[in-house]
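K.L.:
Pasting the sequence and the predicted model now:
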Amino acid sequence: MTRFISALLFVFFMAPGPAHAMASDWQQDDVVKVRLISDVNGVGQDTTVSLGLEVQMAPEWHTYWRSPGAAGLPPQIDWTNSQSDTGNFNSAALLYPAPKRYTAYGLETIGYKDHVVFPIDAKLRMPGKPLNVDATLDLLVCSAICVPKNFHLQLMIPTGAAAESPEAALIKQFRDQIPGGVDTSGLVLKSITNDGHSLTIDFESNFPLTNPDIFIENDRNISFAAPATTLGANNLSVRFVVKPADTLPDGTTLAGMPLTLSVINGDYALEQHVIAPTVTAAVQATPIEAPSLPLGLAMLFAILGGLILNLMPCVLPVLSLKLLGVVSHGGRDIRVVRHSFLVTAAGIVFSFLVLAAVTLLLRSLGLAFGWGVQFQQPMFLVFLILLLTFFAANMWGLLEIHMPRFFADNLDKDYHPKLAGDFATGAFATLLATPCSAPFLGTAIGFALIAGAQTIFLIFLALGFGMALPYLAIAIWPRFATTLPKPGAWMTKLRHLLGWALGLTALWMLWVLAAQIPWRLAVFVGLSMAGIILLLALRKTEVSRKLVRIGLIDFVAVAVLVTFAGSWTPKPVAVNVDPLWLPFDRAAIAADVEEGKMVFVDVTADWCLTCKANMKFVLTRDPVAQRLFHDDVVAMQANWTSPDPAITDFLHQHGRFGIPFNIVFGPGAPNGLVLPELLTPKAVMDGLDKASKTAEP
C-alpha cells in the first residue's frame, strides 16, 4: 500500500500539467479593471516578448483608439521604471485592434466597449534574462461622464523556454484584429479623388462587405467626420465620401496631405498609407437614402407645415397685403374674387416650385442649401428691401404695379390689372415665409433635402399647397370676401397705414443687412431707399418723369453696387453682449456634459422672427430663464445670420435645414434632445428635466 501511495504521489507531482498563468494582478475599481498578460511563460532567447494590456469595462463604458475622434484620449503607459538593468526592458510598441465608432453628446468618437486587449511588442535589453515590467497606466473611460484612471502594473517573466501561456490565445485573438495589409484584409484600394472639400475613396473586397467603416489619420491634426458610405454590386465594393469635421485652417488643403486609412469590415481590417491627391472634378456620390418615412406622410406634414406658415411671425409683415386684398373685394363680383384668390394661390405654389428648382441647382453645384439660407446673402436682402420699398410705395399711391403686356393682352380687361398684384402677393408671402420653420415643416424639409429631385419637387409642391389653402378656401367660398363692406374713402387711409407697416419691415431687413456688411454701407442702402420714395413722390409734381426715371435707376444701382462691395468686405465677428449666453462651441458640449451639466443650444439669426419670438416670450421669461441660466445649465447661442459651416453642419447632423432650432444635451440626453420649432415654457422645462437625468446603465 505504501509503495502504491508513493507511486501515486510521484505521478501527481511529476506528470505534466497545464501551463501557469502569466499575468499581473487585476487592478480595478467600480467601472474598469486592467492587467498585463504575456503569451509566454518564459523569455526564451528572443529579443521581443508579446504582452497584452487587458481592459474590462462595465456595461456602456468605453475607452479610446489611438486617434479618439472629436473627444477622448488613448491609453498612455509609462515604462520608465522598467528601463533598468534589473528590469531588462528596452522599449515597447502599443498596438491597437480595429476600433468602432460611437456617437456621444453629438460628437463622433472612436474606441472600444466592454472588453479589449491592446497587444504590446516589448523589446528586451538582454535576451535570455528575466523581464520585470513596472509600468504606470493612464486610461480614460467614459459613459455618461468621463473618468481618468491611473493604475500601477507589475509583471515578471522568468528565464526559460518561451512556452505558450494560457493567455496566448486571447492576445492572438486581438492581435488578429489589428488592421493589416491586402493579404490579410481582402481589401484593395482602387482610387482616391479630391474635389477640394471631400475625399472619395473606393475599395474592392474579396469578401462580402457587411457594415464597413473608414477612419482617416494625418499629421496635421485634421479630424474627419463619419463617411457617407455606398456599397456596390454584391457588396464587393464600397465608396466612402469623407469630409473634414471642421473648416480647414487658412492655407491648409487636403492636397498632398499624408493620410493613414484604416478600413474596418467585421473581422477584417486594412491599414494603408496614402498621399491625398490634388483637386480633381467632384465625384457624384450616390444620394443618401431618405429617412424611413412614407412619402405620403411626409407630404401630409408638408401641407400642415405650409398651412401653419401663414401664422408664423415671419409672415406677419405680409398680412397687410392679405388684409387689403380681402377688404378690397367687399361687394365685388364673385367671379372676380375667385380669380383673384386663385391667382394669389398660384403665386404661392409657383414660388415654392422655384425654391425647389433653386435647391436642386445649389445641391448640384455642391453648395450649402437649406430653408432660409438666402437671407444670409446681402444681395438677396437688398432685393427684398427694394421689393418692400416698391410695395410700400404702391400702398401710398406713389406707384402702380402692372402685369406684363404679354399676360395682360390675354386676360379679361375688366380685372386683369389687379391680378399682377395678387400673384405678387403670393410670391411675396412665400419669400417672407422662408426664414421660419414651423411645426411639421422641419420634418418635411429634412425628408426632402436628402432625397431625390422628384421627392424635392413633391414636398415643395405640398408646402405651397398648404400655404395656399386659405386662399383656395376663399376661392371656393368667395362670399366670405364679397360680404365685407364696400371699398370707400376709409380704404385709402388703411392703405397708407399698411404701407407704413411694409416700410417698417424694410427697415428691419436693413437692420439684418447691417449685421452682414459694414454698417456705413448699410446706411448708404437705406438712403438709397429713401431716395427712391422721394423720387416716386416727385412724380406727382411738375418734375420731369424722365429725370425721375434716371434718378430711380441711379438709386437702385447705388444700393446694389454698395451691397456687392460690402459682401466682399470682411465683417468683424460680433461679440456676444449678453453675458448669460455663451458663443456656440461644439467641442465644449462634451466637456460640459461630462461634468454633469446640461447644455442648451439656441440656433438663431437676425432675420428669423420666429427665433426672436421664442427668445422674447419663452427663453427670457421665468420660470424658463431662471432654470436656463442656473449653474447646472450652459446656455449657448449660435448666430446663423451669416453663413457659418460649423453651424450648418451642426443643423444637418440633427436632420434640420432651417431655424429656429433648439436642442438640449445632458447626462440623460448625450446625443441631444431636439425641441419643437415653436417653444413653450413646458417644452423647454421638460427638455431640461429629461436631459438632467443620468442615463440608466
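P.N.:
Thanks, I have the structure now. For clarity, every value in this text was computed on a predicted model and none was experimentally measured.
K.L.:
so which helix or strand takes in residue 508?
P.N.:
helix 489-514 (DSSP states H and E).
K.L.:
Report the buried residues of that helix.
P.N.:
Neighbour-count burial for helix 489-514, with 16 or more other Cβ atoms under 10 Å as criterion, is recorded at 494-495, 498-499, 501-503, 505-506, 508-510, 512-514. (C-beta placed from N, C-alpha, C; glycine too.)
K.L.:
residue ranges for the strands of the stretch 551-697 of the chain, please.
P.N.:
582-583, 598-604, 633-639, 661-666, 669-674 (DSSP state E, counting those that start in this stretch).
K.L.:
Can you list the strands that the second one pairs with?
P.N.:
Spelled out, that is strand 598-604. Strand 598-604 has the following sheet partners, assigned by DSSP bridges: strand 633-639 (parallel), strand 661-666 (antiparallel).
K.L.:
What are the contacting residues of the first one?
P.N.:
Meaning strand 633-639. Strand 633-639 is contacted by residues 574, 576, 578, 580-585, 588-589, 592, 597-606, 627-629, 644, 647, 650, 688 when judged by Cβ atoms under 8 Å, 6 or more residues apart in numbering.
K.L.:
one more time with 7 Å, if that's ok
P.N.:
The contact list for strand 633-639, computed with Cβ atoms under 7 Å, 6 or more residues apart in numbering, reads 574, 576, 580-585, 592, 597-605, 627-629, 647, 688.
K.L.:
What of the last one?
P.N.:
With contact meaning Cβ under 7 Å, 6+ apart, strand 661-666 is reached by 105-106, 589, 593, 598-603, 651, 654, 672-675, 679, 687-688, 691-692.
K.L.:
How is the protein divided into domains?
P.N.:
27-175, 182-275, 295-374+401-499, 582-692 (automatic domain parsing).
K.L.:
can I get the strands of the stretch 551-697 of the chain in JSON lines with mean pLDDT?
P.N.:
Converted to JSON lines, those look like this (pLDDT from 0 to 100):
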{"stretch": "strand 582-583", "mean pLDDT": "88"}
{"stretch": "strand 598-604", "mean pLDDT": "92"}
{"stretch": "strand 633-639", "mean pLDDT": "90"}
{"stretch": "strand 661-666", "mean pLDDT": "91"}
{"stretch": "strand 669-674", "mean pLDDT": "85"}
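K.L.:
just to revisit the earlier point, for residue 392, find the nearest of the domains of the chain.
P.N.:
Nearest of the domains of the chain to residue 392, taken as Cβ to Cβ: domain 295-374+401-499 at 4.7 Å.
K.L.:
Kindly check the end-to-end length of that closest one for me.
P.N.:
41 Å (Cα to Cα, to the nearest Å).
K.L.:
again, but for stretch 124-138
P.N.:
OK, stretch 124-138 end separation, Cα to Cα: 23 Å.
K.L.:
For that stretch, could you pull out the residues that count as buried?
P.N.:
Those buried within stretch 124-138 under the rule 16+ other Cβ under 10 Å are 124, 125, 130, 131, 132, 133, 134, 135, 137.
K.L.:
so of these, which ones are in strands?
P.N.:
If you go by DSSP state E, the buried residues of stretch 124-138 have 124, 131, 132, 133, 134, 135, 137 in strands.
K.L.:
How about the one helix or strand residue 354 maps to, which residues are buried there?
P.N.:
If you go by DSSP H and E, residue 354 is part of helix 334-364. Neighbour-count burial for helix 334-364 flags 336-352, 355-356, 359-360, 363 (criterion: 16+ other Cβ under 10 Å).
K.L.:
since we're on residue 653, how many residues are nearby?
P.N.:
If you count neighbours by other Cβ atoms under 10 Å, residue 653 ends up with 17.
K.L.:
Which pLDDT value goes with it?
P.N.:
Residue 653 is assigned 72 on the pLDDT scale.
K.L.:
Repeat that for residue 271.
P.N.:
Looking at residue 271, the pLDDT reads 91.
K.L.:
Name the SS class of it, please.
P.N.:
strand (DSSP: H, G, I helix; E, B strand; the rest coil).
K.L.:
who's in contact with it?
P.N.:
Residue 271 neighbours (Cβ under 7 Å, 6+ apart): 179, 180, 260, 262.
K.L.:
Filter those residues down to the ones in strands?
P.N.:
Going by DSSP E, the strands hold 260, 262 from those.
K.L.:
May I ask you to confirm that residue 344 is in contact with residue 427?
P.N.:
No. Between residue 344 and residue 427 there is no contact under Cβ atoms under 7 Å: 9.2 Å.
K.L.:
ok, residue 537 - how many residues close by?
P.N.:
The number of residues near residue 537, taken as other Cβ under 10 Å, comes to 15.
K.L.:
Kindly report the same for residue 58.
P.N.:
15.
K.L.:
Would you agree it is in contact with residue 29?
P.N.:
No. Contact status for residue 58 versus residue 29: not in contact, 9.7 Å apart, counting by Cβ under 7 Å.
K.L.:
picking that back up, just the closest of the buried residues of stretch 124-138 to residue 65, please.
P.N.:
residue 137 (16.1 Å).
K.L.:
tell me the SS of the residue nearest to that closest one when sequence neighbours are not counted?
P.N.:
Excluding the flanking residues, the one nearest residue 137 by Cβ to Cβ, 6 or more residues apart in numbering is residue 151, at 4.5 Å. In the three-state summary, residue 151 is assigned as strand, counting by three-state DSSP.
K.L.:
The helix or strand bottoming out on mean pLDDT in the chain: what's the following helix or strand?
P.N.:
Each helix and strand of the chain was given a mean pLDDT (mean pLDDT, DSSP states H and E); the minimum falls on helix 2-14 at a mean of 39. Downstream of helix 2-14, the first helix or strand assigned by DSSP H and E is strand 27-28.
K.L.:
Which residues does that next one contact?
P.N.:
33, 34, 35, 151, 152, 153.
K.L.:
Kindly recompute the last result at 10 Å.
P.N.:
In this structure, residues lying in contact with strand 27-28 by Cβ atoms under 10 Å, 6 or more residues apart in numbering are 33, 34, 35, 36, 56, 137, 149, 150, 151, 152, 153, 154.
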